[in-house]
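A.B. asks: Provide a 3D model corresponding to the input given below.
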Amino acid sequence: MKKLISGLLVLSALAIQAPTVHAQAMSEDGNNASETAPLQQRIDLNSATIEQLVTLPGVGQSKAKAIVKYREEVGPFLEVAQLTQVKGIGEKMLSKIESYVLVK
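C.D. replies: Numbers count the residues shown, from 1 in each chain. Below is the predicted model of the structure:
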């Protein structure tokens, strides 16, 4: 009986600590640190193919094509925030993908 109670206490302590461990894994801005691509793995908006762009969260074929079309018509991106000038990409979409892209 003592072993059962001891085991339950240990499990309870672990269950209580689990949210704390998860909270520590979160970055300061509230995003999970694993959701941000390292700088060397980010996609360059000025050289990315449609196939590369569709790997971004929320970007399908039509948005990827719109990014490439914008780049061909207007010229290279000067900054990531310029994505909001692409048809179908607003501030909300930009916030989803900005940590996955860069401009060289």
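A.B. asks: what's the helix or strand hosting Arg71 packed up against?
C.D. replies: Taking DSSP states H and E as the criterion, Arg71 maps to helix 61-74. When contacts are defined as 3 or more C-beta pairs under 8 Å, 6 or more residues apart in numbering; DSSP states H and E, helix 61-74 packs onto helix 50-53. The C-beta positions use only the backbone N, C-alpha and C, and glycine is treated the same way.
A.B. asks: neighbours of Met93, just the number please.
C.D. replies: 18 (other C-beta atoms under 10 Å).
A.B. asks: surely it is in a strand?
C.D. replies: No: counting by DSSP: H, G, I helix; E, B strand; the rest coil, one finds Met93 to be helix, located in no strand.
A.B. asks: which of the residues in stretch 71-79 are buried?
C.D. replies: Arg71, Phe77 (16 or more other C-beta atoms under 10 Å).
A.B. asks: residue numbering should commence at 722 henceforth.
C.D. replies: Yep, numbering from 722; the last one is stretch 792-800 now.
A.B. asks: who touches that stretch?
C.D. replies: Leu766, Asn767, Leu804, Gln806, Val824 (C-beta atoms under 8 Å, 6 or more residues apart in numbering).
A.B. asks: now the nearest residue to the second one once chain neighbours are set aside: how far from Val807?
C.D. replies: Spelled out, it's Asn767. Leaving aside its sequence neighbours, Asn767 sits nearest to Pro797 (C-beta to C-beta, 6 or more residues apart in numbering; 4.4 Å). Using C-beta to C-beta, to the nearest Å, Pro797 is found at 13 Å from Val807.
A.B. asks: just name the shakiest helix or strand of this protein by mean pLDDT.
C.D. replies: helix 723-746 (a mean of 52; mean pLDDT, DSSP states H and E).
A.B. asks: name the next helix or strand downstream of it, please.
C.D. replies: Downstream of helix 723-746 (by DSSP H and E), the next one is strand 764-765.
A.B. asks: how's the protein carved up into domains?
C.D. replies: Recorded structural domains for the chain (assignment: automatic domain parsing) are 723-754, 758-823.
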